[in-house]
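K.L.:
Provided below for reference: sequence and predicted model.
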Amino acid sequence: MQPVFSHPWEISFKEAAELQRKLRQRLVYEEYTGQINLIAGADISYARKTNTNYAGALVFSYPGLELVEEVGVARECHFPYVPGFLSFREGPPLLEVLSRLRHEPDILVFDGQGIAHPRRLGIAAHLGVILDKPAIGCAKTRLCGKYDPPPDEVGAWSPLTHQGETVGAVLRTKKGTKPVFISTGHRITLNQALQVVSACCRGYRLPEVVRRAHLFVNRLRIEKDPILK
DNA sequence: GCGACAG
DNA sequence: ATCTTGTCGC
């Protein structure tokens, strides 16, 4: 899986915001009509006091969720974390691991927002457009927008709205825990995203693809980071 | 000016 | 995100 186009990553915040507003126009909010045989989850782990980050991408069969492939890589990061610009920090390493995948997933799930972003280009939307691949954003907390807490029942959800439009959904994936924030990234509808994420839950708050990716990069960091070994 | 603020 | 032990609650 390779990008269909590229752009510079080491730019100013002003230029980054302009780029986000421009790329936002390439987003496709249509229903995904293809088959879903493989689904991937990607995430990153950071080594404290260092600029080293560990990115990972895992591919699973769908809907069985059997692990098919996993790729991890350690890289140096220079772009700081600033709310609203996460993709400029995590985008490059994630594209790196995704490009090294031998199996091409049909859908991508990222640990962060899709269009539930101030300029509608959260990391899932940004990378989805660059790869022109269906993508879903699954964040643990809110970046923008307002919502009413969904009932405490698995599957319950409520719309996440921002500036008068529905940008995502707040989904209860596990009873008695905080809900997750689901939003469209690219080439998929919110209802489909909710269906797919729900189908990936196995009793934990986070859907398996994201949870496993999270565990993988964390494990990768602990075994490769000398300061903790 | 003040508060909010993915990972 | 990361650093951390025990502890409260379903």
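P.N.:
Perfect, I can see it now.

K.L.:
contacts, neighbours, all on C-alpha from now
P.N.:
Fine.

K.L.:
and the longest helix for chain A?
P.N.:
Identified as the longest helix of chain A according to DSSP state H is helix A:208-224.

K.L.:
what residues does the helix or strand bottoming out on mean pLDDT in chain A touch?
P.N.:
Ranked by mean pLDDT, DSSP states H and E, the weakest helix or strand in chain A is helix A:208-224, scoring a mean of 95. Residues from elsewhere that reach helix A:208-224, judged by Cα atoms under 8 Å, 6 or more residues apart in numbering: A:39-47, A:53-60, A:65, A:72, A:109-111, A:200-202, A:228-229.

K.L.:
correct me if wrong: A:Leu171 contacts A:Glu153.
P.N.:
No - contact between A:Leu171 and A:Glu153 fails when scored by Cα atoms under 8 Å: they sit 9.6 Å apart.

K.L.:
looking at these two, which one has more neighbours?
P.N.:
Here A:Leu171 and A:Glu153 are compared on neighbour count by other Cα atoms under 10 Å; more neighbours surround A:Leu171, at 28 against 14.

K.L.:
how close does that one sit to A:Val154?
P.N.:
8 Å (Cα to Cα, to the nearest Å).

K.L.:
neighbours of A:Val109, how many?
P.N.:
Here the number of neighbours of A:Val109 (other Cα under 10 Å) works out to 30.

K.L.:
er, A:Lys174 actually
P.N.:
One way to gauge burial is a neighbour count; for A:Lys174, by other Cα under 10 Å, it gives 21.

K.L.:
secondary structure class of it, three-state.
P.N.:
Counting by DSSP: H, G, I helix; E, B strand; the rest coil, the backbone at A:Lys174 sits in coil.

K.L.:
how far off centre is stretch A:181-198?
P.N.:
For stretch A:181-198, the distance between its averaged C-alpha position and the chain's averaged C-alpha position is 11 Å (Cα atoms, centre = their mean, to the nearest Å).

K.L.:
quick check: mean pLDDT of it?
P.N.:
What stretch A:181-198 shows for mean pLDDT is 98.

K.L.:
quick one: terminal-to-terminal distance for it?
P.N.:
With Cα to Cα as the measure, the ends of stretch A:181-198 fall 12 Å from one another.

K.L.:
that one vs DNA strand B: in contact?
P.N.:
No - for stretch A:181-198 and DNA strand B, the contact criterion (Cα under 7 Å from any atom of the strand) is not met; the two come no nearer than 8.1 Å.

K.L.:
can you pull the buried residues of that stretch?
P.N.:
Residues of stretch A:181-198 classed as buried: A:181-190, A:193-194, A:196-198 (neighbour count, 16 or more other Cα atoms under 10 Å).
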